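**Q** Sharing a sequence plus its predicted fold:
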Protein chains: 2
Amino acid sequence: MAKTAITPTRAEDFAAWYQAAVSGADLAEMAHVRGCMVIKPWGLGIWEAIKAQLNEMITDRGVENVYFPLFIPLSYIAKEAEHVAGFAKEMAVVTHHRLEERDGQLVPAAPLAEPVVVRPTSETVIAESMRNWIDSYRDLPMLLNQWANVVRWEMRPRVFLRTTEFLWQEGHTAHETAESALEDTHAMHRVYTELVRDWLAIPVIPGEKPASERFPGAENTYTIEAMMQDGKAVQAGTSHFLGQNFAKSADIQFSSRDGAREFAYTTSWGVSTRLVGALIMVHGDDDGIRVPPRVAPQHVVISPIVRGEDGAEVIDACRKIAATIDGTTFGPGVRVRAKVDARDKRGADKKWDWIKKGIPLIIEIGPRDLESGEVMVIHRDDINDKVKVPIGDLASWIPVELDRIQAALLAQATANLEAGITYDVTDVAGLEAHFAQPNAGFVIAPWCDSTTCEDVIGKWSVTVRCIPHERGGEPGPCVVCGEPGESVVLGRSY
Amino acid sequence: MAKTAITPTRAEDFAAWYQAAVSGADLAEMAHVRGCMVIKPWGLGIWEAIKAQLNEMITDRGVENVYFPLFIPLSYIAKEAEHVAGFAKEMAVVTHHRLEERDGQLVPAAPLAEPVVVRPTSETVIAESMRNWIDSYRDLPMLLNQWANVVRWEMRPRVFLRTTEFLWQEGHTAHETAESALEDTHAMHRVYTELVRDWLAIPVIPGEKPASERFPGAENTYTIEAMMQDGKAVQAGTSHFLGQNFAKSADIQFSSRDGAREFAYTTSWGVSTRLVGALIMVHGDDDGIRVPPRVAPQHVVISPIVRGEDGAEVIDACRKIAATIDGTTFGPGVRVRAKVDARDKRGADKKWDWIKKGIPLIIEIGPRDLESGEVMVIHRDDINDKVKVPIGDLASWIPVELDRIQAALLAQATANLEAGITYDVTDVAGLEAHFAQPNAGFVIAPWCDSTTCEDVIGKWSVTVRCIPHERGGEPGPCVVCGEPGESVVLGRSY
């Protein structure tokens, strides 16, 4: 077996491969406060690329960005807890606002009259403001979004996938009618589907969550479910139709067109840095991560191969070549970023650094290549299939090649997803046998939506991922109990 | 006296005018947690424009963006407190990670073994990572920056200027030599000077802080000092040369070129949402804020003046005109953003909304204007000086006009700054008389740098703002005690 850059391989131990791939690509590391992470330049660069694109898609819809406080009064949380079943309580609580030295030790001092909570989501504070800002139907729809850090104390943290602090975007909207709110919920569900498919090259199954998996308090929760290479699901984005539930608990009322006071209909929707985790587990191979070009912080690295005297000259030639590539565009106007890696390090080490980082294209240039006028290009979707390209053609060839790589990664991920879905499981024994296999993937089968049947599959850590909007699946007898049911996606998840 | 849109006027009560201007422009409001603010779309839009430009200037220097955790272990803070005189202790302390219901009340539960602090700055955690990441001189310089929220518990909060939570950028760099670190410190000082002057249209006095006003632990602190319309200073950005002090306390060592272990030289530098406060207090007039075009979230608003039947047609014509303007560029490639305000509201009310928001250009268009082919444009630097422009010329005229407004605001602010500086105070009596005046502005005079003399001016709440790099000022006898001194800027500050 060929030596791989990442140990262990995906097949040997997918969870350990994930940690090794994250660290091999220098994306992030867990910090000294349990469950928090330090996001390093390459990892943050991927998130920033995702963020820039999603921000454009969101604001194009007329949504306005706002910033709400990090801290939430305990009384707001208490109010929500009263209204919301399934309310999660793992949050960071600030109880003091000063440190003092006592006996040479720094200790918390100046207790707060009312403790505050570090936002696990801004639902309650934004609702409170909406109550003040909304007066009549003329103020609706109110479409708000914020990019922020949030905190949910995690007992079993895993970098990017489940961290105590994470970065996300949370949209909150208020509407005059249920139809308008539902339209918004669906529109964001589509935006997320497109973002993840067209930018992260991850095909997803868009659908609706069953009642038991809804966001607490929501009337409907729409999700996009992606499949990792180990067959497990990642819920990659959710969009919630909250009906009038939150408006009633927060008292968000408006004067309607006929002068009556009515409760608004609200929605919320979000994606987080967990998307970076999904990207790694969908596209990574045994040599590291592979970043889809449209969300790559950098697209091309040129590594000068120099020995002794001719060093400066070769580096200078590489810089000139990089300058002809940098700033060209591919896809829907994405700017190509090309740089020279002139670090004082062996060429082979540099090459493997970049392979592990998953940069789409690597070009090594030595004095002979400059003489011949042709260079070998490594493309990250298949590092063994090197291509010889005339230097003069690079600036026109690279944007086309980046489009090809983007499409190739999506095609591979789509093939993996399709291969990972089983449609022919018809009873509970078949289900048990199926999920006893390694990398079992998803089962699509009819489902009765009862807690009894949920408990059966729950024993194997399997859940109903969603009621899919696409990909057929006729109603039929529930795969567990035989009662009438509708088609759902079953699987294990992160 | 003409009625103004903001009450009181600046002359009547500058502090109250500030609050009224912020709320009139719908920039932000104080939140329910004491000292925190909700930043609304127009206020956040200004910050995002500043951020986008500064981020480009920072990353163009080869600095990489990272994201460090919100929480800092108490032990890191304790270690810093040991090393740093003047260490501030007003910070939010997280002591529990769960809420529990007891007797129907939600209360903090699950105490943390070690409390964590919400970052007041990330100096200590970034230093800890640098210690791990830096091995040899090949890893230097290490140039990091992060955009983040930070928390410093504020007893006397004031929106944008002094808030418990604020948004900022903090740069942290490590270098092989003192020269390299100092070069970086100076480079960022220049970047801030240029950002604030060329984008926020605020002229500043760049200089060095006296020892007593340095960042605790820094060897030098460089500042840019701006003058508000009430003559008080805002420290708009700082850049610190930390020598080896922080490297020693955090043990940041590297193998040097000759194989020895040496401590790195570090720097840090930052600006915050306080810049938005400075922008308001420098450019605002009695009708509201005035946003310099280069940092305006939107540049042109077109308000359709409609009565009854012809409404849809006029709105449609306005949209077509906006489309011809939107996407043109001014300054160094800033994209013009033009939108139609089709809200169901009186034309005069809409106009005053936008005047208070300080949008650079307002165009009202009714059926007659469409017939005549000419429109009246209000430019925000002087709302009484309306200009008639042919509709067909708008797309070419507006970018030029935006450049003119940007320059006009800088010219006005520069004239205010110059008028607010006094050079001819020569003794302590003169100083006392000067600062007894309202809107006293700055005094530039020689200074001995003694705490005794600082105490004298401290009684009038006056401090040494900086030792200016430009604008002359010969050494001479200290304005307070007569001992030899060098020229400094004296003033009150926010």
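**A** Ah, there it is.
**Q** where do the strands sit along the stretch 351-494 of chain A?
**A** Using DSSP state E, counting those that start in this stretch, the strands found in the stretch 351-494 of chain A span residues A:361-365, A:374-379, A:387-390, A:421-422, A:442-447, A:463-468, A:476-477, A:484-491.
**Q** How about the stretch 201-350 of chain A?
**A** For the stretch 201-350 of chain A, applying DSSP E, counting those that start in this stretch gives strands covering A:205-208, A:220-227, A:233-241, A:253-255, A:261-263, A:265-272, A:300-304, A:329-330, A:334-335, A:338-340.
**Q** Relative to the whole chain's centre, how far out is the last one?
**A** When you say that, I think you mean strand A:338-340. Mean-position distance between strand A:338-340 and its chain equals 27 Å (C-alpha atoms, centre = their mean, to the nearest Å).
**Q** Now it: average pLDDT?
**A** Strand A:338-340 carries an average pLDDT of 97.
**Q** Note down every partner strand of that strand and its orientation.
**A** When pairing is defined by DSSP bridges, strand A:338-340 lines up against strand A:300-304 (parallel).
**Q** For the partner strand, which outside residues touch it?
**A** Here strand A:300-304 makes contact (C-beta atoms under 8 Å, 6 or more residues apart in numbering or on different chains) with A:311, A:314-315, A:317-318, A:321-322, A:325-326, A:336-342, A:347, A:350-351, A:354, A:359-366, A:398. Placement of C-beta: from N, CA and C, glycine included.
**Q** which of these are buried?
**A** Buried members of the contacts of strand A:300-304, scored by 16 or more other C-beta atoms under 10 Å in any protein chain shown, are A:314-315, A:317-318, A:321-322, A:325-326, A:336-342, A:350-351, A:354, A:359-366, A:398.
**Q** List the contacts of the nearest residue to A:G288 once chain neighbours are set aside.
**A** Spatial nearest neighbour of A:G288, chain neighbours left out: A:K356 (3.5 Å); criterion: C-beta to C-beta, 6 or more residues apart in numbering or on different chains. A:K356 makes contact with A:A5, A:I6, A:A21, A:G24, A:A25, A:D26, A:D287, A:G288, A:I289, according to C-beta under 8 Å, 6+ apart.
**Q** Can you tell me the element the third one falls in?
**A** What that stands for is A:A21. Per DSSP states H and E, A:A21 falls inside helix A:14-24.
**Q** I'd like the distance between the residue nearest to A:G288 and A:D381.
**A** Here A:K356 is placed at a distance of 15 Å from A:D381 (C-beta to C-beta, to the nearest Å).
**Q** B:A31 is in contact with A:V125, correct?
**A** Yes - assessed by C-beta atoms under 8 Å, A:V125 is found in contact with B:A31 at 7.2 Å.
**Q** where do the contact lists of those two overlap?
**A** Jointly contacting A:V125 and B:A31 under the rule C-beta under 8 Å, 6+ apart are A:F68, A:P69, B:V38.
**Q** what about A:D60, neighbour count?
**A** A count of nearby residues for A:D60, using other C-beta atoms under 10 Å in any protein chain shown, gives 9.
**Q** And for A:W147?
**A** When neighbours are counted by other C-beta under 10 Å, A:W147 comes out with 18.
**Q** what does stretch A:470-480 rub up against?
**A** A:205-206, A:421, A:423, A:425-428, A:430-431, A:443-448, A:450, A:453, A:456-457, A:483-488, A:490.
**Q** Report the rounded mean pLDDT for that stretch.
**A** Across stretch A:470-480, the average pLDDT comes to 86.
**Q** Report the buried residues of that stretch.
**A** Buried residues in stretch A:470-480, counted by 16+ other C-beta under 10 Å: A:G473, A:P477, A:C478, A:V479, A:V480.
**Q** Run through the bridge partners of the second one.
**A** Each beta-bridge partner of A:P477 is listed here: A:P484, as defined by DSSP bridges.
**Q** do you know how far it is from chain B?
**A** Counting by C-beta to the nearest C-beta, to the nearest Å, the separation of A:P477 from chain B is 42 Å.
**Q** how close does that residue sit to A:M37?
**A** Between A:P477 and A:M37 the distance is 45 Å, computed by C-beta to C-beta.
**Q** so what pLDDT did A:A348 get?
**A** Here the pLDDT value assigned to A:A348 is 94.
**Q** so how far is stretch A:226-235 off the chain centroid?
**A** Offset of stretch A:226-235 from its chain centre (C-alpha atoms, centre = their mean): 12 Å.
**Q** Check the separation of the first and last residues in that stretch.
**A** Counting by C-alpha to C-alpha, to the nearest Å, you get 6 Å between the two ends of stretch A:226-235.
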